[in-house]
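> Fold the following.
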Amino acid sequence: QVQLVESGGGLVQAGGSLKLSCAASGRTFSAAFMAWFRQAPGKEREFVATITWTAGNTYYADSVKGRFTISRDGAKNTVYLQMNTLKPEDTAVYYCASRPVSASFLQASSPAAYSYWGQGTQVTVSS
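Purely as a prediction, here's the structure:
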């Protein structure tokens, strides 16, 4: 079993920055992809960014491209999301997810592709 624990959420003014962390643990942890999704009230969970665990290749949603950066630290089994130039529409609960099997980036942008999820961390951007 894999456990994912997010941290780093909070309240920030528009234009500000936050860095989210997701620590993975579990005896059987291995991942092909680690990703961030988000869900705003009344909306479906949406893809934010994903990274291939071994090579570090990244893929972003158009809405965050150029503002957010996903990265990982293999030694710490941790994935990060650096969020800059935050906007009120970025307000959501952010979830970390892990997929143990390889896939295309298109497949890896779907919530259904992921086996393990964290509990989420709230990000609120005030205008």
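
> alpha carbons only for contacts and neighbour counts from here, please
Fine.

> Run a quick neighbour tally on the residue nearest to Ser102 when sequence neighbours are not counted.
Leaving out its chain neighbours, the residue that sits closest to Ser102 by Cα to Cα, 6 or more residues apart in numbering is Ala32, at 5.3 Å. Residues lying near Ala32 (other Cα atoms under 10 Å) number 17.

> if I look at the residue positioned nearest the centre of the chain, how far off is Ser102?
Nearest to the mean C-alpha position of the chain, counting by Cα atoms, centre = their mean, stands Trp36 at 1.7 Å. Trp36 sits 17 Å away from Ser102, going by Cα to Cα, to the nearest Å.

> same thing with Ala113?
Counting by Cα to Cα - Ala113 and Ser102 are separated by 10 Å.

> Between those two, which is the more surrounded one?
Neighbour tally, Ala113 and Ser102, criterion other Cα under 10 Å: the higher count belongs to Ala113, 18 against 14.

> can you give me the strands in this protein?
Taking DSSP state E, the strands of the chain run over residues 3-7, 10-13, 18-25, 33-39, 46-52, 58-60, 68-73, 78-83, 92-99, 116-117, 121-126.
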